[in-house]
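Novice: kindly generate the corresponding structure for this input.
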Amino acid sequence: MRHTGFMLGILAMMAGSTALVYVTAGENSSAAQFYYIPVIISAFSYGVLGAWVAALVAGFLAGPYLLLAGRVEEPQVLDWVVRFLFFGVIGTITAILSGKVVRQAREFESLFKVAQAINSSLRLGDVLKGIVSRVKTITRVRAASIRLLDEEKGELSLAASDGLSDEYLTKGSIEVSHSGIDQEVLEGRVSVIQDVARTTRLQYAEHVLREGVHAMLCVPLASRGRRLGVFRVYSGRRKQFGTPVRNLVQTFANQAAIAIENAELYENLQRSYFETVRGLSRALEARDESTLGHSERVTRLLALMAEHMGFSRDEIDLIRFGGILHDIGKVGITEEALQPGTLLNGGADLLAQMHPLIGASILEPVSFLKPVIPMVQFHHEYLDGSGYPEGLAGKEIPPYARLAAAANVFDLVVARSAGNQSLGFEHARSRVQRMADAQLDAGAVEAILAVTADLAELDTTADVLGRYETALEANP
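Specialist: Numbering: from 1, shown residues only. Here you go, the predicted structure:
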């Protein structure tokens, strides 16, 4: 639509200029200057080729056409040629300048979007993938990648790439000690390989050539003097990578370094918070030996279920927090009200039934946990309305809470079965399967059965609970 509008506008201006020149030919030849307008617009819209096509058309209409139409008596070849060349040169200059402006605008737009992504997402993989994709597009190269330094192993591990084949990416680990160019880059220098076929600085030069790469630009990823990794750009032809390209890639590398640093800070903060909550949960469960480890097992089971059901990484993290905190309200419940089995069988007294509400009120001030408050508040609700504290039924129960209810029941049944080898692990699977649709969400039950399918062998051991915990820990 945009190009059609430009084309119609150019044709209209060509026609208008022709009419003006036709009327004034022989009296005011300066009217031909109006042809510069469609020539410049063609250059801006369609580049150098568009400029010369428009110049050719304008040159014909401003000269030979007037002769054919009888408005000019004699050919003025030299004037026509000079006018045509002026049209073409002005159009070419316009195309070149507009191309630079457009490229710079795209670069600024990409940098803005990268900065936006860094500020709006703490998923490092997604942000880095976006950065390498934008660099590949802007610099018009074959591929780009980011590799992060593993100080202990002395290796560069792949964090993001675009344009490289799976075969190349799985060729083997990149050892810094065997890669001269990466050693240079990690020392803080921008390095270029103009011809891969003639270099000895690459660990996998033959693989790079087979990938169709003939030149490479490598810039350092660093933050506050700390080496983070290497940003690589791959070209399908031999080239030097001029200063503008080097500076542009370095700018994106700096953005990537910021993203890495932000992600590390967030991960450390989240891990610290989770470990603190985890310790509090274990301290609460220590009041009753029969429930020790319950919240942690439920958390691990919920994470497996959520992954099986296709939840996003952010959602899984929230569900993990909801799982570890789902019984936090027990801090306000007496030990007598929390006897083994009372909550599972619905025989809890009124005080015990208050623990989900107490938990929700405890979490209310924590803004980032608001999405999981319903999970804490309603994890004892059943689809048939027989649960508590509010007796919700069906779709009235929030999705996260339905997951938590199924995982909670399953773990409690496993814990109770652990003392009776005749029941075993499969008893818990059968129990939740019978409750599907009637009391527990069918999708949640299906996820439990899927992620625990390979644990049926636990029926053959007396230490069902211990083996169950070990199996869950293998899937953190």
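Novice: domains of this structure?
Specialist: Domains of the chain are assigned by automatic domain parsing as 2-103, 121-264, 286-473.
Novice: just checking, next helix/strand downstream of the host helix or strand of residue 149?
Specialist: Applying DSSP states H and E as the criterion places residue 149 in strand 143-150. For strand 143-150, the succeeding helix or strand toward the C-terminus, using DSSP H and E, is strand 155-162.
Novice: send over that following strand as PDB, restricted to the C-alpha atoms.
Specialist: The C-alpha coordinates for strand 155-162 follow below in PDB (Å, rounded to 0.1, in the frame of the first residue of the first chain):
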ATOM      1  CA  GLU A 155      35.400 -22.800  27.600                       C
ATOM      2  CA  LEU A 156      33.000 -20.600  25.700                       C
ATOM      3  CA  SER A 157      29.400 -22.000  25.900                       C
ATOM      4  CA  LEU A 158      26.800 -21.000  23.400                       C
ATOM      5  CA  ALA A 159      24.100 -18.600  24.800                       C
ATOM      6  CA  ALA A 160      22.400 -17.500  21.600                       C
ATOM      7  CA  SER A 161      22.900 -17.700  17.800                       C
ATOM      8  CA  ASP A 162      21.100 -16.900  14.500                       C
END
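Novice: please identify the buried residues of that strand?
Specialist: Buried residues in strand 155-162, counted by 16 or more other CB atoms under 10 Å: 155-156, 159-162. Where you see a C-beta, it was placed from the backbone N, CA and C, and this is true even at glycine.
Novice: what is the nearest of the residues you listed to residue 142?
Specialist: Comparing these against residue 142 with CB to CB places residue 162 closest, at 9.8 Å.
Novice: quick check: that closest one vs residue 386, distance?
Specialist: Going from residue 162 to residue 386 by CB to CB, to the nearest Å gives 53 Å.
Novice: got it, and residue 450?
Specialist: Distance, residue 450 to residue 386, by CB to CB: 26 Å.
Novice: what does residue 82 give?
Specialist: 94 Å.
Novice: just give the number of residues close to residue 30.
Specialist: Using other CB atoms under 10 Å, residue 30 has 8 other residues around it.
Novice: how near is it to residue 72?
Specialist: Look at residue 30 and residue 72: by CB to CB, they are 15 Å apart.
Novice: low-confidence ranges in this protein?
Specialist: Along the chain, the parts satisfying pLDDT under 70 run over 1-6, 23, 25-29, 103-122, 284-291, 332, 334-351, 417-424, 455-476.
Novice: let's see it at 50
Specialist: The model of the chain has pLDDT under 50 over residues 27-28, 341-347, 459-462, 476.
Novice: in this protein, which residue is most central in space?
Specialist: residue 126 (2.3 Å; CA atoms, centre = their mean).
Novice: relative to strand 143-150, how tilted is the strand or helix carrying it?
Specialist: According to DSSP H and E, residue 126 maps onto helix 124-139. Angle, helix 124-139 to strand 143-150, by axes from the mean of the first three to the mean of the last three CA atoms, to 10 degrees: 140 degrees.
Novice: which parts of helix 124-139 are buried?
Specialist: By 16+ other CB under 10 Å, the buried positions in helix 124-139 come out as 124, 127-136, 138-139.
Novice: TSV for these, including distance to residue 68?
Specialist: What follows is those, written out as TSV (distance: CB to CB, whole Å):
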residue	distance to residue 68
124	68
127	62
128	62
129	60
130	57
131	58
132	57
133	53
134	52
135	53
136	51
138	47
139	49
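Novice: which one of those sits closest to residue 408?
Specialist: Using CB to CB, the buried residues of helix 124-139 come closest to residue 408 at residue 124, 32.1 Å.
Novice: since we're on the residue nearest to the closest one when sequence neighbours are not counted, how many residues are nearby?
Specialist: The shortest distance from residue 124 to any non-neighbouring residue, by CB to CB, 6 or more residues apart in numbering, is to residue 263 (3.8 Å). By other CB under 10 Å, the residues close to residue 263 number 18.
Novice: number the chain from 19, please
Specialist: From this message on, residue numbering opens at 19, which makes the last subject residue 281.
Novice: quick one: which helix or strand includes residue 281?
Specialist: In the assignment (DSSP H and E), residue 281 maps to helix 261-303.
Novice: next SSE downstream of that helix?
Specialist: helix 312-326.
Novice: for the helix or strand just after that following helix, which helices and strands make contact with it?
Specialist: Beyond helix 312-326 on the C-terminal side, the first helix or strand identified by DSSP H and E is helix 331-343. Helix 331-343 sits against helix 261-303, helix 312-326, helix 391-395, helix 417-435, with contacts defined as 3 or more CB pairs under 8 Å, 6 or more residues apart in numbering; DSSP states H and E.
Novice: all helices of the stretch 19-168 of the chain, in order?
Specialist: Taking DSSP state H, counting those that start in this stretch as the test, the helices found in the stretch 19-168 of the chain are 20-42, 54-79, 82-86, 95-138, 142-157.
Novice: buried ones in the shortest one?
Specialist: If I follow you right, that is helix 82-86. For helix 82-86, burial by neighbour count (16+ other CB under 10 Å) applies to 83-84.
Novice: what's in contact with it?
Specialist: Helix 82-86 has contacts (CB atoms under 8 Å, 6 or more residues apart in numbering) with 36, 39-40, 43, 90, 92-93, 98.
Novice: among these, who's most crowded?
Specialist: Neighbour counts for those peak at residue 39, which has 24 neighbours (criterion: other CB under 10 Å).
Novice: tell me how far that residue lies from residue 342.
Specialist: From residue 39 to residue 342 the distance is 81 Å (CB to CB).
Novice: can I get the domains of the chain in TSV with distance to residue 290?
Specialist: Formatted as TSV, these follow (distance: least, CB to CB, whole Å):
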stretch	distance to residue 290
domain 20-121	44
domain 139-282	12
domain 304-491	13
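Novice: residue 294: which of those is closest?
Specialist: Checking the domains of the chain against residue 294 by CB to CB gives domain 304-491 as the closest, at 10.3 Å.
Novice: ok now the closest one, how far from the chain's centre?
Specialist: 31 Å (CA atoms, centre = their mean, to the nearest Å).
Novice: which residues touch the residue lying farthest from the centre of the chain?
Specialist: The outermost residue of the chain relative to its centre, with distances by CA atoms, centre = their mean, is residue 91 at 68.8 Å. Neighbour list for residue 91: empty [criterion: CB under 8 Å, 6+ apart].
Novice: now the phi/psi pair for it, please.
Specialist: phi -80, psi -40 (degrees, to the nearest 10).
Novice: ok, it to residue 85 distance?
Specialist: 8 Å.
Novice: and if you look at residue 239?
Specialist: Per CB to CB, residue 239 is found 65 Å from residue 85.
Novice: one more: residue 300?
Specialist: Distance of residue 300 to residue 85, computed by CB to CB: 97 Å.
Novice: residue 463 now?
Specialist: To residue 85, residue 463 is 88 Å away according to CB to CB.
Novice: could you do residue 169 as well?
Specialist: Taken as CB to CB, the span from residue 169 to residue 85 is 78 Å.
Novice: go on, residue 231?
Specialist: Shown here: residue 231 relative to residue 85, a distance of 56 Å by CB to CB.
Novice: tell me which of the helices of the stretch 19-168 of the chain sits nearest to residue 334.
Specialist: When these are compared (using CB to CB), the closest one is helix 142-157, at 14.1 Å.
Novice: now for that closest one, which elements pack on it?
Specialist: Using 3+ CB pairs under 8 Å, 6+ apart, the elements in contact with helix 142-157 are helix 95-138, strand 161-168, strand 173-180, strand 244-253, helix 261-303.
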